[in-house]
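Visitor: starting from these lines, generate the structure:
(2 chains)
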Amino acid sequence: MSDQRPSVRARPLVERVALLPPALLLALTVLIWMLTGLGYFWPIWVAIGLAIPLGLLGAVRWARRRARQRDRAVAGIEAVGVVMSVAVVVIWLVTGMGYFWPVWTMLGFTALWTVSWVIVRPKQRSLEVRVDELTRTRSGVLDEQASQLRRIERDLHDGAQARLVALSMQLGRAEERLADNPETAALVRAARQEATAAIAELRDLARGISPPVLADRGLEAAVQSLADRTGATVSVNVDIPRRPPPVVETAAYFVVAESLTNAAKHAPGAAVRLTMWAEHGELGIVVADDGLGGADPDGSGLTGLRQRLEALDGWLQVTSPVGDGTTIRAVLPCEW
Amino acid sequence: MRVVIVEDHALLREGIIALLQENDIEVVAQAQDADGLLRIVDGHKPDLAICDVRLPPTFTDEGIKAALEARRRHPELAILVLSQYVEPAYSGELLAAGESGVGYLLKERVSEVRTFIEAVQRVAAGGTVLDREVVSALVSERHRSTADTQLDALTSRERETLELIAQGRSNAAIARELVVTLGAVEKHISNIFAKLDLPATNDDHRRVLAVLTYLRATS
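Guide: Okay, the predicted model is just below:
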């Protein structure tokens, strides 16, 4: 997945190459001026004509280095203003420095800068603060939710489940002592079986909330366990050096669980390849099967997963050409 | 038979102790955490340790880890792990420590008093007991997964029999459970062995090992 990211390193070289033709052109005009008798230095106009677009290009590129869209727009306006002001001053200098007409151009840009500094920038800063705040609180809420779910699972385990086990055990002992009273024994047995059914239901519920093996052993053991339980042949390849935060771990677990369930359901008998890795602050998941493909990427299970990942600033992509297997890719930001 | 119990939930611990004592099994010591398990096993040299998977302080899987460590220190110690979850990873680790004298049961099995006491006795005597949920998870999933596995050749009755064998039941117990005659069970079993290419022996314990080996090999 890392090779999908655009490469940024090649750019400076491209820019240096782009400067070459204008430089050659300018040298050529100077040569012509020298050969034609060194009159009025007209090549200055060629230089100005070439410098303005190059300056604007540079300004736009400089502005584009800003991370945020809004920053780029404001920085772009400012940089274009600087380039144009310098250009008109140079033209004024070259044309004999009479009445300082560039003042009007510069005044126009100054007005734009003022608007940008007085209105746009403060608003932008407050938006930035808000975005930072929302990002922080959202991840706080999600972390809290993930650890709360694990706590619920643990409370179920230590509380209700344990009590039900104790209850069913007492009932079992009572049943043993009722050997000579078969009717009462049958009642007690029915009660014990009810308790056992409740334990099983609680167990399924707890597994759906937060699978214990995930909390206990981490992602690799948990997905291996999923792979062992699913009805398909799954090759598992996990390279995650440290344990991600609970919220990321749980989301990744359910991506794998849903993907494997889908594969078992829609591509029975197909071989499934599960790859997970973590690097550069990202956790990546690929679940690929060699079945018939044609999966609906907007199915309810996948849509739920996509929403879950989007809440974590992650994404999920389903590729399922008919006849050519299904591949589910997901990436989650994962800061340790 | 001398048994130790490690369970942090007091109600359950007391209940299991009472249950065992009612059935003439001597409980020589009890503990509430993983360190306690190692301490009482070192101190009392019991025949069998019954322990919970989740124990203080972290309530994750220290029960399994402590049980495996105790087994490493005292290879003759039998271990019966009680868990609230079917987790093939944990039962697999237990089996990897040696097939004799290990058991993995869901906690609620303690309510089926006679079956539970039988399981305790079987594990203490060096047998293997796997919870029927663990076995059926492994068997049925393997069955679904590979279209042409040997397990596919089994009839549903034979598969039920295999699950019961893997739980360590005797032929008589299987006959009771499936409500068939002893002769029918024996016929099922010889069919299973034939279809799975397993050598049939008269030894119950080796029979379980053969089935477990097969389950592990395919998992």
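Visitor: which residues in chain A form helices?
Guide: Along chain A, the segments classed as helices by DSSP state H run A:11-35, A:43-64, A:69-94, A:102-115, A:121-156, A:162-176, A:182-209, A:212-217, A:219-229, A:246-266, A:300-310.
Visitor: now these in JSON lines, with mean pLDDT, distance to chain B and mean neighbour count?
Guide: C-beta here means a position set from N, CA and C on the backbone, and glycine is covered the same way. Below are those laid out as JSON lines (pLDDT from 0 to 100; distance: least, C-beta to the nearest C-beta, whole Å; neighbours: other C-beta atoms under 10 Å in any protein chain shown):
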{"stretch": "helix A:11-35", "mean pLDDT": "77", "distance to chain B": "49", "mean neighbour count": "11"}
{"stretch": "helix A:43-64", "mean pLDDT": "86", "distance to chain B": "49", "mean neighbour count": "15"}
{"stretch": "helix A:69-94", "mean pLDDT": "84", "distance to chain B": "45", "mean neighbour count": "16"}
{"stretch": "helix A:102-115", "mean pLDDT": "87", "distance to chain B": "59", "mean neighbour count": "14"}
{"stretch": "helix A:121-156", "mean pLDDT": "86", "distance to chain B": "6", "mean neighbour count": "13"}
{"stretch": "helix A:162-176", "mean pLDDT": "93", "distance to chain B": "4", "mean neighbour count": "21"}
{"stretch": "helix A:182-209", "mean pLDDT": "92", "distance to chain B": "5", "mean neighbour count": "16"}
{"stretch": "helix A:212-217", "mean pLDDT": "85", "distance to chain B": "4", "mean neighbour count": "22"}
{"stretch": "helix A:219-229", "mean pLDDT": "86", "distance to chain B": "5", "mean neighbour count": "20"}
{"stretch": "helix A:246-266", "mean pLDDT": "90", "distance to chain B": "8", "mean neighbour count": "22"}
{"stretch": "helix A:300-310", "mean pLDDT": "86", "distance to chain B": "19", "mean neighbour count": "16"}
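Visitor: among the ones you listed, which comes closest to residue B:135?
Guide: Closest to residue B:135 of the helices of chain A is helix A:219-229 (C-beta to C-beta; 13.3 Å).
Visitor: which of the helices of chain A sits closest to residue B:170?
Guide: helix A:162-176 (20.4 Å).
Visitor: show residues contacting that closest one.
Guide: Residues from elsewhere that reach helix A:162-176 (C-beta atoms under 8 Å, 6 or more residues apart in numbering or on different chains): A:185, A:188-189, A:191-192, A:195-196, A:198-199, A:202, B:9, B:11-12, B:15-16, B:18-19, B:22, B:84, B:107-108, B:110-114, B:116.
Visitor: most remote residue from chain A's center?
Guide: Taking C-alpha atoms, centre = their mean, the residue of chain A most remote from its mean C-alpha position is residue A:180, at 67.3 Å.
Visitor: list the contacts of the closest residue to residue A:64 other than its chain neighbours.
Guide: With C-beta to C-beta, 6 or more residues apart in numbering or on different chains as the criterion, residue A:64 has its nearest non-adjacent residue at 5.7 Å, and that residue is residue A:72. Taking C-beta under 8 Å, 6+ apart as the criterion, residue A:72 is in contact with A:63-64, A:66.
Visitor: dump those to JSON lines, plus distance to residue A:303.
Guide: Formatted as JSON lines, the contacts of residue A:72 follow (distance: C-beta to C-beta, whole Å):
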{"residue": "A:63", "distance to residue A:303": "38"}
{"residue": "A:64", "distance to residue A:303": "34"}
{"residue": "A:66", "distance to residue A:303": "34"}
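Visitor: for the residue farthest from the centre of chain A, give its distance to chain B.
Guide: Separation of residue A:180 from chain B (C-beta to the nearest C-beta, to the nearest Å) stands at 16 Å.
Visitor: over to that residue: give its phi and psi.
Guide: Recorded main-chain torsions at residue A:180 are phi -90, psi 10, according to degrees, to the nearest 10.
Visitor: list the contacts for residue A:289?
Guide: Residue A:289 is in contact with A:232, A:263, A:267, A:270-273, A:325-327, counting by C-beta under 8 Å, 6+ apart.
Visitor: oh, I was asking about residue A:80
Guide: Residue A:80 touches A:56, A:59-60, counting by C-beta under 8 Å, 6+ apart.
Visitor: what is the neighbour count of residue B:126?
Guide: Applying other C-beta atoms under 10 Å in any protein chain shown, we find 15 residues neighbouring residue B:126.
Visitor: quick check, it in a strand?
Guide: No: counting by DSSP: H, G, I helix; E, B strand; the rest coil, residue B:126 is not found in a strand; it is coil.
Visitor: phi and psi next, for it.
Guide: Torsion angles, degrees, to the nearest 10, at residue B:126: phi 100, psi 10.
Visitor: state the pLDDT value of it.
Guide: You'll see residue B:126 listed with a pLDDT of 87.
Visitor: relative to residue B:6, how far out is it?
Guide: 21 Å (C-beta to C-beta, to the nearest Å).
Visitor: what is the end-to-end distance of stretch A:206-224?
Guide: 19 Å (C-alpha to C-alpha, to the nearest Å).
Visitor: and for stretch A:109-121?
Guide: 16 Å.
Visitor: over to stretch A:236-244?
Guide: From its first residue to its last, stretch A:236-244 covers 18 Å (C-alpha to C-alpha).
Visitor: how about that stretch: buried residues?
Guide: Buried residues in stretch A:236-244, counting neighbours by 16 or more other C-beta atoms under 10 Å in any protein chain shown, are found at A:236, A:238, A:240, A:244.
Visitor: in terms of helices and strands, where is residue B:42?
Guide: Take DSSP states H and E as the rule and residue B:42 turns out to sit in helix B:34-44.
Visitor: tell me the buried residues in that helix?
Guide: So, applying 16+ other C-beta under 10 Å, buried residues of helix B:34-44: B:34, B:36-41.
Visitor: so can I have JSON lines of the residues you listed showing distance to chain A and pLDDT?
Guide: Converted to JSON lines, the buried residues of helix B:34-44 look like this (distance: C-beta to the nearest C-beta, whole Å; pLDDT from 0 to 100):
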{"residue": "B:34", "distance to chain A": "13", "pLDDT": "92"}
{"residue": "B:36", "distance to chain A": "17", "pLDDT": "94"}
{"residue": "B:37", "distance to chain A": "17", "pLDDT": "94"}
{"residue": "B:38", "distance to chain A": "19", "pLDDT": "94"}
{"residue": "B:39", "distance to chain A": "23", "pLDDT": "95"}
{"residue": "B:40", "distance to chain A": "21", "pLDDT": "95"}
{"residue": "B:41", "distance to chain A": "22", "pLDDT": "95"}
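Visitor: ok, and what's touching the helix holding residue B:42?
Guide: Contacts with helix B:34-44, where a contact means C-beta under 8 Å, 6+ apart, come from B:2, B:4, B:6, B:28-31, B:46, B:49, B:51, B:55-56, B:62-63, B:65-67, B:69-70, B:73-74, B:77.
Visitor: can you narrow these to ones near chain A?
Guide: With C-beta under 8 Å from any C-beta of the partner chain as the criterion, the contacts of helix B:34-44 include none near chain A.
Visitor: and these, which of them are buried?
Guide: Buried subset of the contacts of helix B:34-44 (neighbour count, 16+ other C-beta under 10 Å): B:4, B:6, B:29-31, B:46, B:49, B:51, B:55, B:62-63, B:66-67, B:69-70, B:74, B:77.
Visitor: in strands, which of those fall?
Guide: Among those, the members found in strands (DSSP state E) are B:4, B:6, B:29-31, B:49, B:51.
Visitor: residue B:23 contacts residue B:115, doesn't it?
Guide: No: Residue B:23 is not in contact with residue B:115 according to C-beta atoms under 8 Å; the separation is 11.9 Å.
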